[in-house]
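show me how the following folds:
(one chain, ligands or ions: 2)
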Amino acid sequence: MYQVKIIDNFDLSTVDDHLLTASETASPDVILVRSSQVPDRLITPRLLLIARSGIGTNTINLAASTTNGTAVFNTPGANANAVKELIIQCLFQAVRPLSQAIRETAKLTADPLQPAAEQQRQAFIGSELYGKTIGIIGLGTIGQRLADTCYHLGLQVVGYNRSPKNLQHVRQVANIAEVLTQADFVVLLLPLTTETSRIIDGPKLALMRPSATLLNFGRGELVDNSAVVQAVQDRRLKAYITDFPHRDLQNIPHIWQLPHLGGNTREALSHSTNLTFQNTQDFLTAGTVRASVNFPTADLPFASPDRLTLFFKDRPGFWAEVDSLLTQNHIPVEEMVVNTRDSVGYILMNTTLSLAQRQHWTTLRQALMAVSGMIRVRLLANASAPFSPSI
Ligand SMILES: NC(=O)C1=CN([C@@H]2O[C@H](COP(=O)(O)OP(=O)(O)OC[C@H]3O[C@@H](n4cnc5c(N)ncnc54)[C@H](O)[C@@H]3O)[C@@H](O)[C@H]2O)C=CC1
Ligand SMILES: O=C(O)C(=O)COP(=O)(O)O
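Ligands and ions are numbered 1, 2, ... in the order given. Next up is the predicted model:
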């Protein structure tokens with residue numbers, strides 16, 4: 001059984017109960033997390049994987065995880081529709097004061113009520129999204145979905161992504177400044193990285209139209225808070241809507257703070273949790289990697305009694321050394337996939353070990369770990385065959 005440290009809320013009852021057990025150990029095998037910070041102290045040699053339910057992995061030390069041979073997974077697309085719908089809801093609320101109108105109508109006591117209510121309509125005149133320009137910064141899964149919906153609502157869509165995308169309804173521009181100068185609404189949908197931290201600062205805000213609204217659904221740190229407060233207070237920016245509340249933004253007119261609600265629908269949470277458990281189960285039982293942010297993708301039918309997984313720093317000659325070690329030890333390579341990503345590589349190898357080889361696994365493992373660049377070696381037993389558990 002693998003020991004799982006659960007950060008945030010996860011219900012393990014739907015997971016195979018022979019695989020995972022919740023634990024408060026200081027060195028877990030698995031970490032399950034949403035947006036909370038993963039403390040570096042939990043990245044110990046035992047840690048096989050961190051499964052992030054959601055997209056942003058800025059709260060996880062990816063460099064330390066990779067060096068440690070810990071796979072980090074996320075759930076691409078699982079909450080994209082939820083975030084898109086919330087942004088659309090905010091856009092409508094920004095142009096038509098629906099909640100205020102409902103609140104004020106509820107206060108009325110006149111009878112008949114309708115004429116009295118209609119008397120107040122003047123205060124709630126809104127405007128329309130149709131024909132306005134939306135600027136989307138970050139044209140990934142959410143950005144693309146948002147672009148499509150906005151196009152069908154009759155908005156003009158301008159967008160910027162680091163690597164341009166092949167998109168039908170978006171006029172892609174060469175830089176962020178071009179989005180900021182043209183848009184009535186600017187939506188931030190970037191990951192938080194060293195490159196994107198405070199990407200919207202005072203000079204960038206100065207490029208926006210005074211009638212424009214900035215919506216931040218990426219991460220709070222993408223925006224310089226003091227600069228945005230200044231811009232709103234000086235009426236150089238109409239409004240700032242953020243999904244990442246901060247004390248510096250609290251109770252300021254024309255700044256709306258949401259409690260990080262983007263992915264918070266039943267559907268999105270269910271998709272994300274299911275994918276998180278799938279990522280976890282597939283990696284633990286077969287070494288399979290499909291949605292990792294630091295491991296190369298690798299998938300191979302587990303058509304043998306045993307499987308070796310090797311995670312390593314990529315270098316010329318690595319496989320030749322491993323291959324000769326396996327040959328010396330009479331370990332057959334029945335089928336194999338290898339893939340690389342940045343400076344690391346990952347191998348899934350189907351094999352069949354004799355009883356004696358299994359008994360001497362610790363020695364063979366040490367020999368494999370001694371190959372220069374090797375980071376982590378695992379031996380997995382095929383659960384559908386009658387062998388002893390994985391080591
Ligand atoms: N408010 C919420 O609850 C949620 C927030 N998010 C945030 O939204 C972000 C985007 O989510 P997805 O669209 O699902 O991710 P994604 O990975 O599909 O899209 C991110 C896009 O940003 C682009 N990008 C990265 N760095 C860039 C840069 N420096 N300049 C321009 N473009 C750059 C990438 O090329 C990619 O197209 C996440 O990383 C997360 O921080 C995601 C889900 C829920
Ligand atoms: O998926 C993301 O990146 C999000 O921001 C959603 O985070 P959450 O899991 O709702 O805390």
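
what about residue 60, how many residues nearby?
For residue 60, the neighbour count with other C-beta atoms under 10 Å is 23. Every C-beta, even on glycine, is put in place using the N, C-alpha and C of the backbone.

thought it was touching residue 47?
No - between residue 60 and residue 47 there is no contact under C-beta atoms under 8 Å: 11.2 Å.

residue numbers of the stretch 251-391 of the chain in contact with ligand 1?
260, 262-263 (C-beta under 6 Å from any ligand atom).

pLDDT, neighbour count and distance to residue 245 added to those residues, as JSON lines?
Putting these into JSON lines (pLDDT from 0 to 100; neighbours: other C-beta atoms under 10 Å; distance: C-beta to C-beta, whole Å) gives the following:
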{"residue": "260", "pLDDT": "98", "neighbour count": "16", "distance to residue 245": "7"}
{"residue": "262", "pLDDT": "98", "neighbour count": "24", "distance to residue 245": "13"}
{"residue": "263", "pLDDT": "97", "neighbour count": "27", "distance to residue 245": "16"}
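
can I get the residues you listed in a markdown table with distance to residue 165?
Below are these laid out as a markdown table (distance: C-beta to C-beta, whole Å):
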| residue | distance to residue 165 |
| --- | --- |
| 260 | 26 |
| 262 | 21 |
| 263 | 22 |
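
so which of these would count as near ligand 2 as well?
260, 262-263.

quick check, nearest of the residues you listed to residue 89?
residue 262 (11.0 Å; C-beta to C-beta).

please list the residues of the stretch 51-200 of the chain that sit near ligand 2.
So the stretch 51-200 of the chain meets ligand 2 at 53-56, 79 (C-beta under 6 Å from any ligand atom).

which of the residues you listed fall within strands?
Among those, DSSP state E puts none in strands.

and the residue of this structure closest to ligand 1?
As assessed by C-beta to the nearest ligand atom, ligand 1 sits closest to residue 140 within the chain, at 1.7 Å.

returning to what we had before: from the residues of the stretch 51-200 of the chain next to ligand 2, which would you call buried?
Neighbour counting with 16 or more other C-beta atoms under 10 Å marks 53-56, 79 as buried within those.

ok, for residue 309, nearest residue in space, not its chain neighbours?
Sequence neighbours aside, residue 287 is the residue nearest to residue 309 in space, at 3.7 Å (criterion: C-beta to C-beta, 6 or more residues apart in numbering).

go ahead and confirm the one you found touches residue 311.
No - assessed by C-beta under 8 Å, residue 287 is found out of contact with residue 311, at 9.1 Å.

how far away is the residue nearest to residue 309 from residue 380?
Relative to residue 380, residue 287 is positioned 6 Å away (C-beta to C-beta, to the nearest Å).

just to revisit the earlier point, output the ones next to ligand 2 among the residues of the stretch 251-391 of the chain next to ligand 1 as TSV; include the columns distance to residue 331 and secondary structure.
Formatted as TSV, these follow (distance: C-beta to C-beta, whole Å; DSSP: H, G, I helix; E, B strand; the rest coil):
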residue	distance to residue 331	secondary structure
260	49	coil
262	48	coil
263	44	coil
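
of the residues you listed, which is the nearest to residue 95?
Nearest member of these to residue 95, counting by C-beta to C-beta, is residue 262, at 20.1 Å.

wait, that closest one sits on residue 82?
Yes - judged on C-beta under 8 Å, residue 262 makes contact with residue 82 at a distance of 6.5 Å.

near residue 92, how many other residues are there?
14.

re earlier: let's see which of the residues of the stretch 51-200 of the chain next to ligand 2 end up in helices.
Among these, no member is found in helices (DSSP state H).

restrict those residues to those near ligand 1?
Okay, of those touching ligand 1 (C-beta under 6 Å from any ligand atom), that's 54-56, 79.

which pair in the residues you listed spans the largest distance?
Taking C-beta to C-beta, the two most distant members of these are 56 and 79; they sit 10.3 Å apart.

between residue 287 and residue 380, what contacts are shared?
307, 309 (C-beta atoms under 8 Å, 6 or more residues apart in numbering).

not counting residues beside it along the chain, what's closest to the most centrally placed residue in the chain?
Compute the mean C-alpha point of the chain, and by C-alpha atoms, centre = their mean the closest residue is residue 55, 1.0 Å away. In space, and not counting its chain neighbours, residue 55 is closest to residue 74: 5.5 Å by C-beta to C-beta, 6+ apart.

check contacts around the one you found.
For residue 74, the contact set (C-beta under 8 Å, 6+ apart) comprises 52, 54-57, 291-293.

CSV please, covering the residues you listed and showing pLDDT.
Formatted as CSV, the contacts of residue 74 follow (pLDDT from 0 to 100):
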residue, pLDDT
52, 98
54, 98
55, 98
56, 98
57, 98
291, 94
292, 98
293, 98
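
between those residues, which is nearest residue 180?
Closest approach to residue 180 among the contacts of residue 74 (C-beta to C-beta): residue 56, at 22.8 Å.

right, and that closest one touches residue 193 too?
No - applying C-beta under 8 Å as the test, residue 56 and residue 193 come out as separate, 10.2 Å apart.

how does this structure divide into domains?
Following automatic domain parsing, one finds the domains of the chain at 1-78+265-295, 80-108+121-257, 296-391.

would a markdown table of those domains with distance to residue 114 be doable?
Output for the domains of the chain, formatted as a markdown table (distance: least, C-beta to C-beta, whole Å):
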| stretch | distance to residue 114 |
| --- | --- |
| domain 1-78+265-295 | 34 |
| domain 80-108+121-257 | 10 |
| domain 296-391 | 61 |
